[in-house]
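Undergrad: I'd like to go over a predicted model; first the sequence, then the structure.
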Amino acid sequence: MAEIPVLEVGLYGEPIGTLTLLSGDRTLFAFHQDYIDDPERPTLSLSFKGQSGELIQEVRPTRTRVPPFFSNLLPEEALRDYLEKKAKTAGVNPKREFFLLRILGRDLPGAITITPPDENPWSPEKGGLVPPGRVSRETLLRFSLAGVQLKFSAVMGATGGLTIPAAGVGGSWIVKLPSMKFEGVPENELAMMELARALGMEVPEVRLVPLREIAGLPEDVARMEGNALAVKRFDRIEDGQRVHVEDFAQVFGLYPERGSGKFLNGWRGLVRSPLPGPLPGGRGGVACSAPYPLPEAMFPFIP
């Protein structure tokens, strides 16, 4: 009997559900019964809460793509293009999001992890995965940060130098690379962050770093010139614990490309009620993220 691919969904290090790949390339998400029965369960997403705050347990299966909450954990646009090239090299069909989560799920935004129940990869017939030992360092998909700008998770050493981990896991900094389309994107983002800081907003630690000073970049990226923007992740704290976050597209249960309108309506309200904590960062129009537990200022603007 053929093995059914399953991914374990964890939150704060505890298993809470599964993603299962069914026939017809359909993906089904289901919560574990222990999570359902726990009155103190942590929130995965507001999109899984009903009008009265009850947990929505039945999630409609999706085809090719994973459900919207999980799809928003994956890269977009320029980052997705880069991912697709690397995925094909590593033997993964980049259009099938279930298998992208299998590759990227150990270091996702927030406190969520998505991993196989064991470390035995499925055969190529199950989605094109190859044994880890046969994937070279350069073909590893060494990033899992959602967004449209090419970026990697990085570790800062004791002397202040940044290194991209070989497995792409464990970094407490985000390294955003120069844009292939527009000049001065890292410099512009740094200027906007410092402007926000000058206006009294709390923003993460940021700095410009020459690309040549960042260790561990893939060869094709290391050939780029200019500066990268290093941003300290607000979903990771000093002792290594993860802070759960979600963006507006996830809150409203929308795929990334459909989230702009809902995002704008929610954000117009939020700017009238200042949020405590770091200034959220986002992907163009859809991904302004807020940390859990959610600030009370958000409550009037979420479903």
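TA: Great, that's in hand.
Undergrad: lowest-pLDDT helix or strand in this protein?
TA: helix 260-270 (a mean of 49; mean pLDDT, DSSP states H and E).
Undergrad: shaky segments in the stretch 151-300 of the chain?
TA: Along the stretch 151-300 of the chain, segments meeting pLDDT under 70 span 158-160, 162-170, 220-222, 258-290, 293-300.
Undergrad: strands along that one, start to end?
TA: 151-156, 162-163, 173-176, 206-210, 227-232, 245-247, 289-291 (DSSP state E, counting those that start in this stretch).
Undergrad: name the residues of the fifth one that come out as buried.
TA: Spelled out, that is strand 227-232. For strand 227-232, burial by neighbour count (16 or more other C-beta atoms under 10 Å) applies to 227-231. To be clear about C-beta, it is placed using only N, CA and C from the backbone, and glycine gets the same treatment.
Undergrad: ok, now the fourth one?
TA: Across strand 206-210, burial judged by 16+ other C-beta under 10 Å covers 206, 209.
Undergrad: can you give me the helices in the stretch 201-303 of the chain?
TA: Secondary structure of the stretch 201-303 of the chain by DSSP state H, counting those that start in this stretch: the helices cover 219-222, 248-251, 260-270.
Undergrad: now the closest residue to Val243 other than its chain neighbours, what are its backbone angles?
TA: Nearest non-adjacent residue to Val243, counting by C-beta to C-beta, 6 or more residues apart in numbering: Asp235, 4.7 Å away. Torsion angles at Asp235 (phi, psi; degrees, to the nearest 10) stand at phi -100, psi 10.
Undergrad: surely Asp235 touches Tyr292?
TA: No. Using C-beta atoms under 8 Å, Asp235 is not in contact with Tyr292; the gap is 9.8 Å.
Undergrad: common neighbours of these two, please.
TA: 110-111, 243-245 (C-beta atoms under 8 Å, 6 or more residues apart in numbering).
Undergrad: got the domain boundaries for this protein?
TA: 6-130, 151-232, 245-301 (automatic domain parsing).
Undergrad: for the record, mean pLDDT for the longest one?
TA: If I follow you right, that is domain 6-130. Across domain 6-130, pLDDT averages out at 82.
Undergrad: just the helices in the stretch 1-150 of the chain please.
TA: Under DSSP H, counting those that start in this stretch, the stretch 1-150 of the chain gives helices at 33-37, 68-71, 77-89, 97-104.
Undergrad: list the buried residues for the last one?
TA: It refers to helix 97-104. The neighbour-count check on helix 97-104 (16+ other C-beta under 10 Å) flags 97-104 as buried.
Undergrad: what's next to stretch 8-17, contact-wise?
TA: 18-19, 29-32, 35, 41-42, 44, 111-117, 242, 244.
Undergrad: kindly export stretch 7-23 (C-alpha atoms) in CSV.
TA: Taking C-alpha atoms only, stretch 7-23 is exported to CSV below (Å, rounded to 0.1, in the frame of the first residue of the first chain):
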residue,chain,number,x,y,z
LEU,A,7,3.5,16.8,7.6
GLU,A,8,3.4,17.5,11.3
VAL,A,9,2.3,21.0,12.2
GLY,A,10,3.9,22.3,15.5
LEU,A,11,3.3,25.4,17.5
TYR,A,12,5.7,26.5,20.2
GLY,A,13,7.3,23.1,19.8
GLU,A,14,4.2,21.1,20.4
PRO,A,15,2.3,19.1,17.7
ILE,A,16,-1.1,20.6,17.0
GLY,A,17,-2.2,19.1,13.6
THR,A,18,-1.2,17.6,10.3
LEU,A,19,-1.1,18.4,6.6
THR,A,20,-1.9,15.4,4.5
LEU,A,21,-1.5,15.0,0.8
LEU,A,22,-4.4,13.2,-0.7
SER,A,23,-5.1,11.8,-4.1
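Undergrad: OK, contacts around the residue nearest to His244 when sequence neighbours are not counted?
TA: Spatially, and ignoring its direct neighbours in sequence, His244 is nearest to Ala111 (3.8 Å; C-beta to C-beta, 6+ apart). Taking C-beta under 8 Å, 6+ apart, we find Ala111 in contact with 11-13, 42, 235, 242-244, 292.
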